[in-house]
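Visitor: Starting from these lines, generate the structure:
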Amino acid sequence: MEKWLEGTVVEKRHWSDKLYSLRLRAPVDAFTAGQFTRLALEIDGERVARPYSFVNPPQDDMLEVHFNEVENGPLSPRLAALEPGDRVWVSARANGFFTLDQLPQSENLWMIATGTALGVYLSILRTERSWQRFRQIVLVHNVRYRDQLSYGEEIVDLKQRYGARFRYLPITSREPVDGALQGRILAALEDGRLEKQAEVVLSPEKSHVMLCGNMDMIREVSAALDARGMRKHRKKEPGHYTTEKYH
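Guide: Now for the predicted structure:
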């Protein structure tokens, strides 16, 4: 049976029209970067819960989740309405296997995200283990508009800390932005812009790819990686890419 803890909202970050983050305090169990929790509120006499990945690294004492407000959704509009001091239920125990522990060894790590799936990678990137395991890490973030490119300060901090070992590639599909690629991840991968911008070769011999976000992106990019001779990673059959449908 799931154990619930009462958490307190400390800060709400409103990035754009429907894009939010919540920072919370709750005495949850220790977790591994890449795992997700569940948040819940009492709505019409029922505890309504949804999964959300941690944005914060495990060593932080404040929890953080990143989410879109879904119109007429059962929970997200109510989470978006919360203010500091409000209470929310938080699952005591984290779950999920989208973690470094599950990946095979490789020289380079590509982290590819759409939308709020960026958050799970920020949790991983802010652990020393990620930088101990990989020579270079490329973070690709595809959104529609400029104001959806969240967590700029955290990304700048990673650039300053790790220099050329860290490559950040924003991609916008509906609005041109200086310094960002234009279009969708699949097109940028197939026409070579992704590797050219990263200055890192994406190959079965040297790379592992993490894919997290909407199912269309995961399906399309997985097929493109298959065409390059890469295969999905499984416990019994080590491969070159790992996927996670974002909650």
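
Visitor: CA only for contacts and neighbour counts going forward, please
Guide: Will do.

Visitor: Any buried residues in the helix or strand of the chain with the lowest mean pLDDT, and which?
Guide: Using mean pLDDT, DSSP states H and E, strand 241-245 stands out as the lowest-scoring helix or strand of the chain, at a mean of 91. Within strand 241-245, the residues scored as buried using 16 or more other C-alpha atoms under 10 Å are 241, 242, 243, 244.

Visitor: The last one and residue 213 touch, don't they?
Guide: Put plainly, it is residue 244. Yes. Under the criterion of C-alpha atoms under 8 Å, residue 244 lies in contact with residue 213, with a separation of 7.0 Å.

Visitor: Put the alpha carbons of the least confident helix or strand of the chain into CSV.
Guide: C-alpha atoms of strand 241-245 as CSV (Å, rounded to 0.1, in the frame of the first residue of the first chain):
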residue,chain,number,x,y,z
TYR,A,241,19.3,3.8,-26.3
THR,A,242,16.9,3.9,-23.3
THR,A,243,13.4,5.3,-23.4
GLU,A,244,10.9,6.8,-20.9
LYS,A,245,7.4,8.0,-21.8
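
Visitor: Run the chain-centre distance for that strand.
Guide: Put simply, strand 241-245 sits 11 Å off its chain's centre (C-alpha atoms, centre = their mean, to the nearest Å).

Visitor: Tell me which other helices or strands it touches.
Guide: Secondary-structure packing of strand 241-245 (3 or more C-alpha pairs under 8 Å, 6 or more residues apart in numbering; DSSP states H and E): strand 207-213, helix 215-227.

Visitor: and the angle for the shortest one with strand 241-245?
Guide: Strand 207-213 runs at 10 degrees relative to strand 241-245, counting by axes from the mean of the first three to the mean of the last three C-alpha atoms, to 10 degrees.

Visitor: and strand 207-213, average pLDDT?
Guide: Strand 207-213 shows a mean pLDDT of 97 in the predicted model.

Visitor: what's the angle between it and helix 215-227?
Guide: Using the same axes, to 10 degrees: strand 207-213 against helix 215-227 is 160 degrees.
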